[in-house]
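Colleague: please find the sequence and the predicted model below.
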Amino acid sequence: MNDDVQRERAEADDSRARVDPRIDTPGREGLTGTAPANVYRRLPDAEQITIPPDWRSMEAQPPWRGDFPIDWPQDQYVERRDFVKFMVLTSLALTVGQFWIAAQNWWRRRRGVPAIRRIAALDQIPAGGLLTFTYPGPLDDCVLVRALDGTLVAYSQKCTHLSCAVRPQVESGMIHCPCHEGYFDLRSGRPVAGPPRRPLDVVRLEVRGRDVYAIGIEARTV
Ligand code: FES
């Protein structure tokens with residue numbers, strides 16, 4: 001084999017050495033110069049890259065991952081616009097909340113101290129008995145309970161979770177809310193089980209002679 005033939009074969013093996021000068025030939029694809037396309041490494045489109053949650057390669061993933069690919073970095077990525085939107089909405093919600101609390105305080109102050117009202121005669125409620133009444137307004141349902149030892153307690157009937165009507169269970173020393181199985185202690189009105197977190201509003205009582213009076217209502221947070 002002579003030298004010319006060997007040189008031609010070597011040039012044929014090295015595609016970088018040979019560039020077809022004609023336009024639109026495979027070797028010049030995408031190029032404006034004279035370098036053939038295979039000298040460049042093709043980079044995959046970032047949108048096409050899927051990085052699974054465990055960060056291992058797709059080859060190491062179970063077969064079903066191909067049908068449900070999750071691009072973890074893409075999934076965790078929060079755009080600046082999303083972040084700003086979140087911050088604006090959160091601030092708005094906090095501001096509205098503050099206004100709501102201020103409005104409630106204003107309304108409570110405007111209502112003033114509730115009037116003292118007779119709610120029952122002592123003889124009406126034996127030990128273990130209970131009696132419902134409204135206080136301070138006609139729509140504010142309350143319950144007066146006489147514990148087994150004769151102690152009188154009264155609470156708003158409105159559950160502090162989602163406002164269902166609570167029911168005293170004098171024998172077990174509990175007040176039960178049937179909506180979501182909430183329980184309050186009968187003596188203190190504090191939550192002991194279930195979703196409620198705040199104690200029941202307590203109606204302050206006074207016994208004058210043989211009568212029981214409501215003299216105020218106390219909203220508690222703890
Ligand atoms: S409303 Fe009373 S526990 Fe939910």
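Modeller: Arrived safely, thanks for sending. Not measured: the values here are computed from a predicted model.

Colleague: buried ones in stretch 202-222?
Modeller: Val202, Val203, Leu205, Val212, Ala214, Ile217 (16 or more other CB atoms under 10 Å). C-beta: built from backbone N, CA, C; applies to glycine.

Colleague: helix, strand or coil for Val143?
Modeller: Three-state assignment for Val143 (DSSP: H, G, I helix; E, B strand; the rest coil): strand.

Colleague: how is this structure carved up into domains?
Modeller: Taking automatic domain parsing as the reference, the chain has its domains at 1-42, 78-111, 117-218.

Colleague: deepest of the ones you listed, which one?
Modeller: domain 117-218 (a mean of 16; mean count of other CB atoms under 10 Å).

Colleague: straight-line length of that one, end to end?
Modeller: Terminal residues of domain 117-218 lie 15 Å apart, using CA to CA, to the nearest Å.

Colleague: just say helix, strand or coil for the spatially most central residue of the chain.
Modeller: For the chain, Thr90 is the residue whose C-alpha lies nearest the centre (CA atoms, centre = their mean; 12.6 Å). Using three-state DSSP, the structure places Thr90 in helix.

Colleague: can I assume Arg187 is in contact with Leu148?
Modeller: No: counting by CB atoms under 8 Å, Arg187 sits too far from Leu148 to count as a contact (11.2 Å).

Colleague: give me the neighbour count for Asp71.
Modeller: Burial of Asp71 is recorded as 16 neighbouring residues (other CB atoms under 10 Å).

Colleague: what about it, distance to the ligand?
Modeller: 41 Å (CB to the nearest ligand atom, to the nearest Å).

Colleague: also Pro178?
Modeller: Taking CB to the nearest ligand atom, one finds Pro178 at 8 Å from the ligand.

Colleague: likewise for Pro196?
Modeller: From Pro196 to the ligand the distance is 5 Å (CB to the nearest ligand atom).

Colleague: can you check Leu130 too?
Modeller: For Leu130, the distance to the ligand - CB to the nearest ligand atom - is 18 Å.

Colleague: for the ligand, what are the nearby residues on this structure?
Modeller: Cys159, His161, Leu162, Cys164, Cys177, Cys179, His180, Gly182, Gly194, Pro195, Pro196 (CB under 6 Å from any ligand atom).
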